[in-house]
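Enquirer: sequence? don't have it. structure:
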């Protein structure tokens, strides 16, 4: 018990000081968001893509952007990166599962292509999230869909075409319409 007091009290005092410094204006941590910053996050892209902004891009355009902005973390063509592996299939051969825990970061795991667009738009690239233009986001999304074997390299992805992409794992989740009443179980069940 005495050892805990000898180590615990100084650590608690140090933690309090660090928390206080982190909230000081000098470090600009813990400052409230401006209304403009809040508006930037205050939207959601649904599976139907009604909220998608105008813009477009192809896999060829996305390959150039991916090499410049994404390859550092995700590896060449989204395979074997330091962080997440984004590609499981290959062009023309989509990966259809089953998915292991380490493979659920891949774009092939998503049930809707709009999820990939929304995530890239909000959170990528890591050092400066939200810095890609809408056209760049469409292009990178097209590149990842192509590398996962879901679309062709020349397919133009935009607000109208992206929601129409049939993802390989679309039916790998809970059915959209639940079955009710449930099917009767046999007497021995």
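Expert: Now that the structure is in, tell me what you want to look at. Note that the structure is a prediction, hence the values are computed from the model and not measured.
Enquirer: secondary structure element for the most centrally placed residue in the chain?
Expert: Compute the mean C-alpha point of the chain, and by C-alpha atoms, centre = their mean the closest residue is residue 119, 3.7 Å away. If you go by DSSP states H and E, residue 119 is part of helix 113-123.
Enquirer: hmm, who's touching the next helix or strand after that helix?
Expert: Using DSSP H and E, the next helix or strand after helix 113-123 towards the C-terminus is helix 134-147. Applying C-beta atoms under 8 Å, 6 or more residues apart in numbering, the contact partners of helix 134-147 are 53-59, 61-63, 65-66, 69-70, 77-79, 86-87, 89-91, 107, 113, 116-117, 120-121, 124, 132, 151-153, 155-158, 162, 165. The C-beta positions use only the backbone N, C-alpha and C, and glycine is treated the same way.
Enquirer: give me the subset of those residues lying in strands.
Expert: Mapping the contacts of helix 134-147 onto strands (DSSP state E) picks out 56, 57, 157, 158.
Enquirer: export those residues to TSV and tack on pLDDT, neighbour count and distance to residue 102?
Expert: Listed next are the ones in strands among the contacts of helix 134-147 as TSV, based on pLDDT from 0 to 100; neighbours: other C-beta atoms under 10 Å; distance: C-beta to C-beta, whole Å:
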residue	pLDDT	neighbour count	distance to residue 102
56	97	17	32
57	97	23	28
157	97	30	27
158	97	19	32
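Enquirer: farthest pair in these?
Expert: The span of the ones in strands among the contacts of helix 134-147, defined through C-beta to C-beta, is set by 57 and 158 at 7.8 Å.
Enquirer: residue 95: neighbour count?
Expert: By the other C-beta atoms under 10 Å criterion, the neighbourhood of residue 95 contains 20 residues.
Enquirer: which parts of this protein are helices?
Expert: 2-22, 35-41, 59-69, 71-74, 113-123, 134-147 (DSSP state H).
Enquirer: so what does the fourth one touch, helix or strand wise?
Expert: Right, the one you point to is helix 71-74. Using 3 or more C-beta pairs under 8 Å, 6 or more residues apart in numbering; DSSP states H and E, no helix or strand is in contact with helix 71-74.
Enquirer: pull the distance from it to the chain's centre.
Expert: How far helix 71-74 lies from its chain's middle: 14 Å, per C-alpha atoms, centre = their mean, to the nearest Å.
Enquirer: same deal with the third one?
Expert: On the basis of C-alpha atoms, centre = their mean, the separation between the geometric centre of helix 59-69 and that of its chain is 17 Å.
Enquirer: what packs against it?
Expert: helix 134-147.
Enquirer: and what of the fifth one?
Expert: On a contact count with 3+ C-beta pairs under 8 Å, 6+ apart, helix 113-123 meets helix 134-147.
Enquirer: if anything else comes up later, I'll come back, but that's it for now.
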